[in-house]
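Chemist: what's the 3D shape of this:
(2 chains)
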Amino acid sequence: AQSVAQPEDQVNVAEGNPLTVKCTYSVSGNPYLFWYVQYPNRGLQFLLKYITGDNLVKGSYGFEAEFNKSQTSFHLKKPSALVSDSALYFCAVRGSNYKYIFGTGTRLKVLA
Amino acid sequence: DAGVIQSPRHEVTEMGQEVTLRCKPISGHDYLFWYRQTMMRGLELLIYFNNNVPIDDSGMPEDRFSAKMPNASFSTLKIQPSEPRDSAVYFCASSLRGGGNIQYFGAGTRLSVL
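Modeler: As a prediction, this is how the structure comes out:
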């Protein structure tokens, strides 16, 4: 069965420091992996995706993610965090039959 | 395009009442998803449609929940009768097969059942 795990409920980082939000997955076949962000009282917004190609994927707002097949991970990264990056981040995998499985979410708090 | 449009944005009702949530997907999208978000359970997929046909409704919690998609531009999620434990934010999302597999979410409907 397909699954996604986000091991950290919350990540705190100082503004200007690099950030990492972790995600591991389990899926049969080639994974379709995604990161979404949710700001308060808003729907989820697409950040980036990995389907095939380079293991380092670049997305919106300076975010990037590294696909690691051997570790079945797809961690979200940003070289320099902004206070405005504070939000809830979801990792997702597209499983069979076009069904999406979302992780439990990680709350990112960037401290000024 | 205006994006995925959900209505109402907020709904407050009393236990036992019927609730209908509405969604207009992005024009041309062929997949539509209904999710429920709560603090306790996170984001749960309730049901999804492909070309207006329900594909997987295994996430629908009970017979009190039903969803329809009468045409490509409209879907409803109905709860009858509603219960306090149905209180949550309900999201609709749409996507296009071959469109990068990206889901586009509406702003959600915050449902409070008293």
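Chemist: which residue does chain B bring closest to chain A?
Modeler: Sorted by distance to chain A under C-beta to the nearest C-beta, the residues of chain B start with residue B:105, at 3.3 Å. No exception for glycine: its C-beta is placed from N, CA and C like everyone else's.
Chemist: ok, that residue touching residue A:39?
Modeler: No - contact between residue B:105 and residue A:39 fails when scored by C-beta atoms under 8 Å: they sit 11.6 Å apart.
Chemist: right, and the helix or strand after the lowest-mean-pLDDT helix or strand in chain A?
Modeler: Scoring the helices and strands of chain A by mean pLDDT, DSSP states H and E places strand A:100-102 at the bottom, with a mean of 90. Moving toward the C-terminus from strand A:100-102, the next helix or strand (DSSP states H and E) is strand A:106-111.
Chemist: In that following strand, which residues are buried?
Modeler: Buried residues in strand A:106-111, counted by 16 or more other C-beta atoms under 10 Å in any protein chain shown: A:106, A:108, A:110.
Chemist: pLDDT and distance to chain B for these - can I get that in CSV?
Modeler: As requested, those are exported to CSV (pLDDT from 0 to 100; distance: C-beta to the nearest C-beta, whole Å):
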residue, pLDDT, distance to chain B
A:106, 97, 11
A:108, 97, 16
A:110, 97, 22
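Chemist: Go through these and name the one nearest residue B:85.
Modeler: Within the set of the buried residues of strand A:106-111, residue A:106 lies nearest residue B:85; the separation is 25.6 Å, counting by C-beta to C-beta.
Chemist: The closest one and residue A:6 touch, don't they?
Modeler: Yes - look at residue A:106 against residue A:6 with C-beta under 8 Å: they come within range, at 4.9 Å.
Chemist: interface residues of chain A facing chain B?
Modeler: Within chain A, the positions near chain B by C-beta under 8 Å from any C-beta of the partner chain are A:32, A:34, A:36, A:41-46, A:49, A:51, A:90, A:94, A:97-105.
Chemist: out of the residues you listed, which are buried?
Modeler: When neighbours are counted using 16+ other C-beta under 10 Å, those contain these buried positions: A:32, A:34, A:36, A:43-44, A:46, A:49, A:90, A:94, A:98-103, A:105.
Chemist: Residue of chain A closest to chain B, please.
Modeler: Across chain A, the shortest distance to chain B (C-beta to the nearest C-beta) belongs to residue A:43, at 3.3 Å.
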